[in-house]
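Undergrad: Give me the fold of what follows.
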Amino acid sequence: MRIVHVSDCFSPRVGGIESQVGDLSALQAARGDEVHVLTATLGEAGERGGVVDTERGVHVHRLGARLPFDLPVNPVQARLLREALRAVRPDVVHVHAGVVSPFAADGARIALAEGLATAVTWHCMLDGMVPLLRLARGPVTRLARGAALSAVSGAAAERVRQVVGPGVPVDVVPNGIDLSAWVPGPADGPAVPDDDGPLRLVATMRLAPRKRAVPLVHAVADAALRLPPGSVHLTLVGDGPARARVEAVVRERGAEGLVELRGRLPREDLRAVYRRCSVYLAPAELEAFGIAALEARAAGLAVVARAGTGVAEFVADGTDGFLVDDDAGMTEAVIRLAADPVLRRRLVAHNRAVVPDFGWDRLLAEVDAAYGSARDRRAAAQG
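TA: Numbers count the residues shown, from 1 in each chain. The predicted model follows:
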């Protein structure tokens, strides 16, 4: 099969969409598909304007332009997208959309105009954007009629349904991970007990306001105030523009001994951190899926996350962890887990024994089904 992925962002940028599109396209290439990625992200050496490089067997078309702040757009992207699609003539175009994705939007519009089978997956929560997108009735109607629509979780799909209206199918095509890289093996040994020390908490995120590291520090600090000294410890992994603010809040709360900032870590170092922890905290309110939380869940940690987010795809409240309504609820969950070692041992034992069903084999099957729907919708539109 000849597949084209369209994504505003791709490597060398680092993020959820970038990792998913990169891994998915590489796996498709490894199984024998001819795979192309059209992206507005410049290459490592600034490749742009149509340069094609090869990464893990995937043909990456760098269609971006050098712009301030490295914005993933190009004033002439419509022309470049059209030329690339006509040159490749794919069997299916898979568009990956975020909250604001002008490059992906052009890709979907042009693919449909060219009569190509088109699948569109949203990797975001459209909260706040639904009324605005409803105003774009013409483009939305054409998309709903011609493309196979999906989102990475039920929560994200519900927002898309609010945009496209009743009667338009919006499927769930979840993200996937390499389970073998995270699921504990015999060499990892049993879970590290923390009965004689603090409850070891961990969170992994880009330190940006949207991920809510600052409210997380406050929630854990509030829990510590209501527990005996030394009852909890938070390891915060990641870096980003909000790091200075996070460091300032740690100082303001007198939480230097409570919160450890580790910066960005490679996978093996992160696995080692997870082996020493019992609970993963996911404070984001607009998490469409939560790849980092899924990795922690696969590693056997109990997960505490916000209800109504994509984390609910793989965390059942009271079984894999807890889904809470607000920051106060997260504080209460931390207190409960710190005070009840039997409860946290039960959650961790369950999560180490039950592997979440979000490996790449499942995702490839779900994606292939979406491609089949895209071909069916194209045939119906042309018939």
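Undergrad: switch to C-alpha atoms for all contacts and neighbour counts from now on
TA: Fine.
Undergrad: helices and strands of this structure: which one bottoms out on pLDDT?
TA: Least confident helix or strand of the chain, by mean pLDDT, DSSP states H and E, is helix 130-135 with a mean of 57.
Undergrad: mind listing what E295 touches?
TA: E295 sits next to I177, L179, W182 when contact means Cα atoms under 8 Å, 6 or more residues apart in numbering.
Undergrad: For the most centrally placed residue in the chain, which non-adjacent residue is closest in space?
TA: The residue lying closest to the centre of the chain (Cα atoms, centre = their mean) is G16, at 4.0 Å. Computed as Cα to Cα, 6 or more residues apart in numbering, the closest residue to G16 that is not its neighbour in sequence is I291, at 7.0 Å.
Undergrad: Low-confidence ranges, the stretch 51-200 of the chain, go.
TA: By pLDDT under 70, the low-scoring segments of the stretch 51-200 of the chain are 69, 129-140, 187-196.
Undergrad: mind running it again at 50?
TA: Across the stretch 51-200 of the chain, the ranges flagged by pLDDT under 50 are 135.
Undergrad: All the strands of it, residue numbers only.
TA: Here the stretch 51-200 of the chain has its strands, by DSSP state E, counting those that start in this stretch, at 51-55, 58-62, 92-97, 118-122, 148-151, 170-172, 199-204.
Undergrad: V324: which of those strands is closest?
TA: When those are compared by Cα to Cα, strand 199-204 sits nearest V324, at 15.7 Å.
Undergrad: quick one: buried residues of the closest one?
TA: L199, R200, L201, V202, A203, T204 (16 or more other Cα atoms under 10 Å).
Undergrad: Helix or strand: which one has L261?
TA: Assigned by DSSP states H and E, L261 belongs to strand 259-263.
Undergrad: and the angle from that strand to strand 199-204?
TA: Interaxial angle, strand 259-263 versus strand 199-204 (axes from the mean of the first three to the mean of the last three Cα atoms, to 10 degrees): 30 degrees.
Undergrad: contacts for strand 259-263?
TA: Applying Cα under 8 Å, 6+ apart, the external contacts of strand 259-263 come out as V217, H233, L234, T235, L236, V237, G238, D239, V250.
Undergrad: and the next element down the chain from it?
TA: Sequence order places helix 267-275 as the next helix or strand after strand 259-263, per DSSP H and E.
Undergrad: what mean pLDDT would you report for that following helix?
TA: Averaging pLDDT along helix 267-275 gives 92.
Undergrad: Next up, the contacts around the residue nearest to G16.
TA: Neighbouring residues of I291 by Cα under 8 Å, 6+ apart: G16, N175, G176, I177.
Undergrad: same question, V60
TA: Each residue near V60 by Cα under 8 Å, 6+ apart is listed here: H36, V37, L38, T39, V52, D53, T54.
Undergrad: Show me what it bridges to in the sheet.
TA: V37, D53 (DSSP bridges).
Undergrad: ok now stretch 301-321, how far from the chain's centre?
TA: 15 Å (Cα atoms, centre = their mean, to the nearest Å).
Undergrad: Would you mind listing the buried residues in it?
TA: Of the residues in stretch 301-321, 301-315, 320-321 count as buried by neighbour count, 16+ other Cα under 10 Å.
Undergrad: likewise stretch 250-264?
TA: Result for stretch 250-264 [16+ other Cα under 10 Å]: buried residues V250, A255, L258, V259, E260, L261, G263, R264.
Undergrad: what's the answer for stretch 226-235, then?
TA: For stretch 226-235, burial by neighbour count (16+ other Cα under 10 Å) applies to S231, V232, H233, L234, T235.
Undergrad: From I110, how far off is the last one?
TA: So that's T235. T235 is 45 Å from I110, where distance means Cα to Cα, to the nearest Å.
Undergrad: Which neighbouring elements make contact with the biggest helix by length in the chain?
TA: Longest helix of the chain, by residue count under DSSP state H: helix 360-382. In terms of contacts (3 or more Cα pairs under 8 Å, 6 or more residues apart in numbering; DSSP states H and E), helix 360-382 is packed against strand 92-97, strand 118-122, helix 137-146, strand 148-151.
Undergrad: Quick check: neighbours of the shortest one in the sheet, parallel or antiparallel?
TA: Using DSSP bridges, the neighbouring strands of strand 148-151 in the sheet come out as strand 118-122 (parallel), strand 170-172 (parallel).
Undergrad: got the CA positions of the longest helix of the chain in CSV?
TA: Once non-C-alpha atoms are left out, helix 360-382 reads as follows in CSV (Å, rounded to 0.1, in the frame of the first residue of the first chain):
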residue,chain,number,x,y,z
TRP,A,360,1.4,-1.5,17.9
ASP,A,361,-0.3,-4.6,16.6
ARG,A,362,-3.6,-3.3,17.7
LEU,A,363,-3.0,0.2,16.4
LEU,A,364,-1.9,-1.0,13.0
ALA,A,365,-5.1,-3.0,12.7
GLU,A,366,-7.2,0.0,13.8
VAL,A,367,-5.4,2.2,11.3
ASP,A,368,-6.0,-0.3,8.5
ALA,A,369,-9.7,-0.4,9.3
ALA,A,370,-9.7,3.5,9.1
TYR,A,371,-8.1,3.3,5.7
GLY,A,372,-10.7,0.8,4.6
SER,A,373,-13.4,3.3,5.7
ALA,A,374,-11.6,6.1,3.8
ARG,A,375,-11.7,4.0,0.6
ASP,A,376,-15.4,3.2,1.1
ARG,A,377,-16.2,6.9,1.7
ARG,A,378,-14.3,7.9,-1.4
ALA,A,379,-16.2,5.3,-3.5
ALA,A,380,-19.5,6.5,-2.1
ALA,A,381,-18.6,10.2,-2.8
GLN,A,382,-17.6,9.4,-6.4
